[in-house]
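**Student:** Task: produce atomic coordinates for the following.
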Amino acid sequence: MILKLIGADNQIIEKKYEEFVKEIKPNSFFYFHKDTSYKDLKDLIDKLEEEGHSVYFREVKFGLDEGDYMYEMHII
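**Tutor:** Model (predicted):
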């Protein structure tokens, strides 16, 4: 599973699941590029919930165009 995160400078950062899990801290927010597979994100949420995390996930629109969105994930 390859996850495409959005970095601080709006750069796309590709990470594997194992790398991503190492970065999780209490009360973490992550932003994913719209090219990240929705199926992969749902699988990620299921795995995180199995590990005991609570996950809030939503689509964030930042413009008027249909393609102006990203995914936000809040992991508690």
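
**Student:** I'd like the average pLDDT over stretch 54-67.
**Tutor:** Stretch 54-67 comes out with an average pLDDT of 89.

**Student:** what's the offset of that stretch from the middle of its chain?
**Tutor:** Its chain's C-alpha centre and that of stretch 54-67 lie 11 Å apart, by C-alpha atoms, centre = their mean, to the nearest Å.

**Student:** Alpha carbons of that stretch, in CSV - could you do that?
**Tutor:** Extracted in CSV, the C-alpha atoms of stretch 54-67 (Å, rounded to 0.1, in the frame of the first residue of the first chain):
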residue,chain,number,x,y,z
SER,A,54,-9.7,6.1,16.8
VAL,A,55,-9.8,7.6,13.3
TYR,A,56,-11.7,10.6,11.9
PHE,A,57,-11.6,10.8,8.1
ARG,A,58,-13.0,13.3,5.7
GLU,A,59,-12.7,14.9,2.3
VAL,A,60,-11.6,18.6,2.4
LYS,A,61,-12.5,20.9,-0.5
PHE,A,62,-10.2,23.9,-0.9
GLY,A,63,-11.5,25.5,-4.1
LEU,A,64,-14.6,25.7,-6.4
ASP,A,65,-13.3,23.1,-8.9
GLU,A,66,-14.4,19.5,-8.4
GLY,A,67,-10.8,18.4,-8.4
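
**Student:** what's in contact with it?
**Tutor:** 31, 34, 41, 45, 48-49, 68-76 (C-beta atoms under 8 Å, 6 or more residues apart in numbering). For every residue, glycine as well, the C-beta is placed using N, CA and C.

**Student:** Please identify which two of those are farthest apart in space.
**Tutor:** Glu49 and Asp68 (28.8 Å; C-beta to C-beta).

**Student:** tell me the SS of Val60?
**Tutor:** With DSSP: H, G, I helix; E, B strand; the rest coil as the basis, Val60 sits in strand.

**Student:** Likewise for Leu44?
**Tutor:** helix.

**Student:** ok, it - how many residues close by?
**Tutor:** By other C-beta atoms under 10 Å, the residues close to Leu44 number 23.

**Student:** show me the contacts for it.
**Tutor:** The contact partners of Leu44, taken as C-beta under 8 Å, 6+ apart, are Met1, Leu3, Tyr17, Phe20, Met73.
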